[in-house]
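J.: Mind looking at a prediction? Sequence and model below.
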Amino acid sequence: ETGVTQSPTHLIKTRGQQVTLRCSSQSGHNTVSWYQQALGQGPQFIFQYYREEENGRGNFPPRFSGLQFPNYSSELNVNALELDDSALYLCASSLYGGGPSTDTQYFGPGTRLTVL
Amino acid sequence: GESVGLHLPTLSVQEGDNSIINCAYSNSASDYFIWYKQESGKGPQFIIDIRSNMDKRQGQRVTVLLNKTVKHLSLQIAATQPGDSAVYFCAENMVNNNDMRFGAGTRLTVKP
């Protein structure tokens, strides 16, 4: 177990709705990254949060947004849900030292989102 | 665009044999590589990592080899066990970039 927790485990929404997913980072970690994993594919980087600010973003539209709180936990918000947003959403925590490379990321179990 | 990929989508081995999972990357600027194991219904689990200033790193029953000349990464699992059955992903982190890129994954099946 990594100590990274995510909630909820499963979620069903309809097209056009909004969703908020939550992540608690491993103790001692200050950075949270979010990934989308479609069935049968590798995770795709959505964005990373460090010191409560976005610290890098992948190729996802603005309707994917996030927050990081002072206790380093994080939320992923997705507005105007589309059918293609159905996926496993993973968060990973790490200890970012501010150097050129991100330190090892440890993943939570994920939230399975189904959009109908 | 540049990406991380895997040579084989599936690998089936006999229990006790050694397994080798391969990965090709195309971004020579990447400086950090990681192997993850993902079991059904779970998040990716860190196995081993290697930085670009190394060409080999060993863990418990696992070895990662990095060949920067041909941009190739491999994961060797010694004495493969049924519990090793999972999808294995290689991932790369590019210098000064927090975007970790994953390959599509290789499914390892261990036959008893």
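T.: Good, I have the coordinates.
J.: Centre-most residue in chain A?
T.: For chain A, A:W34 is the residue whose C-alpha lies nearest the centre (Cα atoms, centre = their mean; 2.6 Å).
J.: Tell me if it really is in a helix.
T.: No. Looking at A:W34 with DSSP: H, G, I helix; E, B strand; the rest coil, it is strand, so not inside a helix.
J.: Helix or strand next in line after the least confident helix or strand in chain A by mean pLDDT, which one?
T.: Least confident helix or strand, chain A: strand A:53-57 with a mean of 90, by mean pLDDT, DSSP states H and E. Going down the chain from strand A:53-57, the next helix or strand is strand A:64-68, by DSSP states H and E.
J.: can you tell me the average pLDDT over that following strand?
T.: Averaging pLDDT along strand A:64-68 yields 97.
J.: Mind giving me the packing neighbours of it?
T.: strand A:44-50, strand A:74-78 (3 or more Cβ pairs under 8 Å, 6 or more residues apart in numbering or on different chains; DSSP states H and E). C-beta here means a position set from N, CA and C on the backbone, and glycine is covered the same way.
J.: Mind checking these for the one nearest to chain B?
T.: With Cβ to the nearest Cβ as the criterion, chain B lies closest to strand A:44-50 of the helices and strands packed on strand A:64-68, at 4.6 Å.
J.: quick one: the closest one to strand A:53-57, angle?
T.: With axes from the mean of the first three to the mean of the last three Cα atoms, to 10 degrees defining the directions, strand A:44-50 sits at 150 degrees from strand A:53-57.
J.: picking that back up, quick check: bridge partners of the residue nearest to the centre of chain A?
T.: Taking DSSP bridges as the rule, A:W34 bridges to A:F47, A:C91.
J.: Not counting its neighbours along the chain, what's nearest residue 63?
T.: Answering for chain A, as no chain was given. Spatially, and ignoring its direct neighbours in sequence, A:R63 is nearest to A:N79 (4.3 Å; Cβ to Cβ, 6 or more residues apart in numbering or on different chains).
J.: Switch to chain B, please.
T.: Excluding the flanking residues, the one nearest B:T63 by Cβ to Cβ, 6+ apart is B:Q76, at 4.4 Å.
J.: which residues of the chain score low on pLDDT?
T.: All of this is about chain A. Chain A contains residues with pLDDT under 70 at A:1, A:97-102.
J.: Chain B, not that one
T.: Scanning chain B for pLDDT under 70 picks out B:1-8, B:95-98.
J.: ok, which residues in it are in contact with chain A?
T.: Contact residues, chain B versus chain A (Cβ under 8 Å from any Cβ of the partner chain): B:4, B:31-32, B:34, B:36, B:41-46, B:49, B:51, B:89, B:91, B:93, B:95-105.
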